[in-house]
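Visitor: Let me see the structure of the following:
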Amino acid sequence: METFTLRDDFIKLGQLLKAAGLAESGAEAKAAILDGLVKVNQETEFQRGKKIYEGDIVEFEETILKVVK
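Guide: Alright, predicted model coming up:
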């Protein structure tokens, strides 16, 4: 499990995928989310604007990210 450190109180899911290097662009992140390929706290998430907070777990492909502050 990898970690991603927040700079603010939250980050939007699409921005997180891009910032963590899991998606090369916002469009790629959006497509992955809309295709149901991303899980937040073990639930498939379809909203790219979903706010991700400290303690959340994001899964995409083979990568699992724990969000820390």
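
Visitor: element containing Q15?
Guide: Per DSSP states H and E, Q15 falls inside helix 13-19.

Visitor: which residues touch that helix?
Guide: 4, 11, 23-26, 28-30, 32-33, 38, 40, 45, 47-52, 58, 60, 65, 67 (C-beta atoms under 8 Å, 6 or more residues apart in numbering). From N, CA and C alone the C-beta is placed, and that goes for glycine too.

Visitor: try stretch 54-62
Guide: 1, 4, 6, 13, 16-17, 22, 32, 37-42, 52, 64-69.

Visitor: Which of these fall in helices?
Guide: Within those, residues falling in helices by DSSP state H are L13, L16, L17, A32.

Visitor: And the furthest pair within these?
Guide: L16 and A32 (11.5 Å; C-beta to C-beta).

Visitor: quick one, which of these two is more surrounded?
Guide: L16 (26 against 19; other C-beta atoms under 10 Å).

Visitor: just the strands in the chain please.
Guide: Under the criterion DSSP state E, the chain contains strands at 2-5, 10-12, 38-40, 43-44, 51-53, 57-60, 63-68.
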